[in-house]
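# sequence below, structure please.
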Amino acid sequence: MDPRIEARRNDVHSRRRLRVWITIGLVAVLVAAAFGISRSPLLDVDEVEVIGARRTGAIQVAEAAGVELGTPLLGLDLSGPRRAIAALPWVDQVRSNRTWGGKVTFDVTERTPVAQIPLETQVPGEQSWAVVDLHGRVLQIIPTPGVLPVVLFGPVPEPGGWLSESALPLLEASQALISLQGSGIGPISWDNGQLIVDLPGVGRAHWGGRDNPRGKAVALATFLARIDLHCYEKVDLSDPDRPALTPIENCS
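Below you'll find the model as predicted:
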């Protein structure tokens, strides 16, 4: 082979190898730079913001999330913090977001209480009250009763726990009757398989099935506004369009 041709071929091979090594070097530099930036203060958590946690409190939500300031944003998995926040008693839903400016935001939607359940304490004569939502989640234990309808039910777990499914019809009735608080409505309970609402005097409202709780509440409100129920032992709300009254004999 002509020495000049062989020299030219070797020169071409050398240039190719040089370009390969230059490319590898540039890639390594870029990877190292990206890694360094991802671990630098430019791309870490500078602020944790909590929205909507009026009952729970922003501090408790942030503590449950466990996202520390200075944590690198790249690779930060927010699914675990969301689950931890969702386990807090008042929390219904939680959404998260992050910005490359260093802010992590948790947007919390809280549950709505619909009933309060009296609890016996270990001190004779004292009671506490469990506040619960429509789905049976125990939200809070309070030392004195609030303004919500009273539901008689047990057992009641600690806040964050759930009542059994048999409590749900009582809670649906309670939600419908919230607007009637202060009008003489008594406790809501089960009695021999019947959903009962205690009324002024000795009367009781028989709620019937789970259908149309709003209509039943409206029918009961109409009776309370127009009729002295002290002389009636039963108000049948099974069909709210045709409620029935059972009077007490010789009552005046």
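# pLDDT weak spots in the stretch 51-200 of the chain?
122, 125 (pLDDT under 70).
# now do the helices in it.
58-65, 79-86, 168-176 (DSSP state H, counting those that start in this stretch).
# report how many residues lie close to Ala217.
For Ala217, the tally of surrounding residues (other CB atoms under 10 Å) stands at 24. (Each C-beta comes from the backbone N, C-alpha and C, glycine too.)
# in a helix, that's where it is, yeah?
Yes: counting by DSSP: H, G, I helix; E, B strand; the rest coil, one finds Ala217 located in a helix.
# circling back to that earlier point, buried deepest among the helices of the stretch 51-200 of the chain, which one?
Ranked by mean neighbour count, the helices of the stretch 51-200 of the chain are led by helix 168-176 with a mean of 22 (mean count of other CB atoms under 10 Å).
# centroid-nearest residue for this structure?
Central residue of the chain (CA atoms, centre = their mean): Asp92, 1.5 Å from the mean position.
# circling back to that earlier point, can the helices of the stretch 51-200 of the chain go into CSV with extra columns for distance to Asp107?
Shown next, in CSV, are those (distance: least, CB to CB, whole Å):
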stretch, distance to Asp107
helix 58-65, 10
helix 79-86, 10
helix 168-176, 25
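# what's the closest of those helices to Gly209?
Proximity to Gly209 (CB to CB) singles out helix 168-176 among the helices of the stretch 51-200 of the chain, at 8.2 Å.
# neighbouring contacts of that closest one?
Contact partners of helix 168-176, identified using CB atoms under 8 Å, 6 or more residues apart in numbering, comprise 114-115, 132-136, 148-149, 151, 153, 163, 188-190, 195, 197, 207, 210, 213-214, 216-217.
# taking the residues you listed one by one, which sit in strands?
Val114, Ala115, Val132, Asp133, Ile188, Ser189, Trp190, Leu195, Val197 (DSSP state E).
# filter the residues you listed to the buried ones?
Buried members of the ones in strands among the contacts of helix 168-176, counted by 16 or more other CB atoms under 10 Å: Val114, Ala115, Val132, Asp133, Ile188, Ser189, Leu195, Val197.
# Leu69: which of the residues you listed is nearest?
Of all these, the one sitting nearest Leu69 is Asp133; the distance, using CB to CB, is 33.1 Å.
# these two touch, right, the closest one and Ile117?
No: taking contacts as CB atoms under 8 Å, Asp133 lies outside contact range of Ile117: 11.9 Å.
# so what's Ser238 up against?
So, once contact is read as CB under 8 Å, 6+ apart, Ser238 ends up touching His206, Trp207, Gly208, Gly209.
# roughly how far apart are Pro243 and Arg226?
As judged by CB to CB, to the nearest Å, Pro243 and Arg226 stand 12 Å apart.
# show me which of these two is the more surrounded one.
Neighbours per residue (other CB under 10 Å) separate Pro243 from Arg226, with Pro243 holding more: 19 against 8.
# distance of that one from Asn192?
From Pro243 to Asn192 the distance is 21 Å (CB to CB).
# same check on Glu68?
Using CB to CB, Glu68 is found at 56 Å from Asn192.
# repeat that for Phe106.
47 Å.
# who has more neighbours out of those two?
For Phe106 versus Asn192, neighbours defined as other CB under 10 Å are more numerous around Phe106 (25 against 5).
# from memory that one sits against Pro81, does it?
Yes: contact criterion CB under 8 Å: Phe106 and Pro81 qualify, at 7.2 Å.
# list the residues that contact Phe106.
48-51, 61-62, 65, 81-82, 85, 94-96.
# from Gly193, how far off is it?
Noted for Phe106: a distance of 44 Å to Gly193, by CB to CB.
# before we move on, what about Glu63?
Counting by CB to CB, the gap from Glu63 to Gly193 is 45 Å.
# doesn't Pro145 make contact with Trp129?
Yes: between Trp129 and Pro145 there is a contact at 5.2 Å, judged by CB under 8 Å.
# these two: who's more crowded?
Comparing Trp129 with Pro145 by other CB under 10 Å, the one with more neighbours is Trp129, at 20 against 13.
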